[in-house]
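In: here's my sequence, what's the structure:
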Amino acid sequence: MMTISQQLPDYFEYYEDGTQYYLRQVQYPEDIPLLHRWMNEPHVIPQWQLNKSELELQVYFDKMLADDHQRLLIVGIDGKDVGYTEIYEGKRDRLGRYYEGDDHDLGWHLLFGDKAVFGKGFLRPTVRLLSFYIFENSVAEKIVGEPDHTVKPYAAVVEELCYESQRLIPMPEKTAMLYYCFRNTFYHKFGTFYEASQQQRADRSAKILSVSSL
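Out: Numbers count the residues shown, from 1 in each chain. Next up, the predicted model:
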């Protein structure tokens, strides 16, 4: 029987203001050099602490990809890979030891490895991408999160996106803030965004088909 995370798709697209955002399954071992470069970026090391050799990362991701409570995905913008995310089952993750949740809860971790996307306004649409990916492809009624509570810019952004702070959680390497994003609340605010995305996707597909038929 497939787990909740195994039932999530290998690829997902979302459009916002004419920009394409996508998630694709990590390809092993083809993506290891890319992940190695990102994990050794100075802005990534403090939070992820995976600044390992390429061989060590290969062993790490080999194990991670075999873990059936999570999906490892590359984040892309307009056809270019720019980041990495982990979609995980909240109750089966280590987070499950720190909160009382539903068996269908899903959460995510995100990093932008490509510094060229910084300051371009891509974070909020990417969080919407992750949220729609989960809600459109699962029965989860809420998304959970547990970022380091000292990362203040993150807190300001996610609260705008219907991620509601719950309480502090003492974890071995950090004190995390527990967040919940409820399906109904999120769609009440952003449901029209997904409808617009579907229309942009259809228009783009029609345009490509029209060009290819010439």
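In: shouldn't residue 132 be within a strand?
Out: No. Assessed with DSSP: H, G, I helix; E, B strand; the rest coil, residue 132 is helix; it does not lie in a strand.
In: distance check, it against residue 99.
Out: 23 Å (C-beta to C-beta, to the nearest Å). Every C-beta, even on glycine, is put in place using the N, C-alpha and C of the backbone.
In: those two - which one has more neighbours?
Out: Here residue 132 and residue 99 are set side by side on neighbour count (other C-beta atoms under 10 Å), and the busier one is residue 132, at 22 against 16.
In: residue contacts, that one?
Out: With contact set as C-beta atoms under 8 Å, 6 or more residues apart in numbering, residue 132 has these partners: 12, 14, 193, 194, 197.
In: any idea which helix or strand carries residue 167?
Out: strand 164-171 (DSSP states H and E).
In: brain fart, residue 180
Out: When secondary structure is defined by DSSP H and E, residue 180 falls within strand 174-182.
In: that strand packs against which elements?
Out: With contacts taken as 3 or more C-beta pairs under 8 Å, 6 or more residues apart in numbering; DSSP states H and E, strand 174-182 sits against strand 142-145, helix 152-160, strand 164-171.
In: mind giving me the packing neighbours of the helix or strand that it is followed by?
Out: Elements were assigned by DSSP H and E; along the chain past strand 174-182, the next helix or strand is helix 183-212. Counting by 3+ C-beta pairs under 8 Å, 6+ apart, the packing neighbours recorded for helix 183-212 are strand 11-16, helix 123-136.
In: can you redo those as CSV with mean pLDDT and distance to residue 35?
Out: Conversion of the helices and strands packed on helix 183-212 to CSV gives the following (pLDDT from 0 to 100; distance: least, C-beta to C-beta, whole Å):
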stretch, mean pLDDT, distance to residue 35
strand 11-16, 98, 18
helix 123-136, 98, 17
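In: let me know which of those is tucked in deepest.
Out: Between the helices and strands packed on helix 183-212, helix 123-136 has the highest mean count of neighbours, a mean of 21, where neighbours are mean count of other C-beta atoms under 10 Å.
In: that one to strand 174-182, inter-axis angle?
Out: Helix 123-136 and strand 174-182 meet at an angle of 60 degrees, taking axes from the mean of the first three to the mean of the last three C-alpha atoms, to 10 degrees as the criterion.
In: so where's the protein uncertain?
Out: Judged against pLDDT under 70, the low-scoring parts of the chain cover residues 210-214.
In: residue 81: neighbouring residues, count only.
Out: A count of neighbours around residue 81, defined by other C-beta under 10 Å, yields 17.
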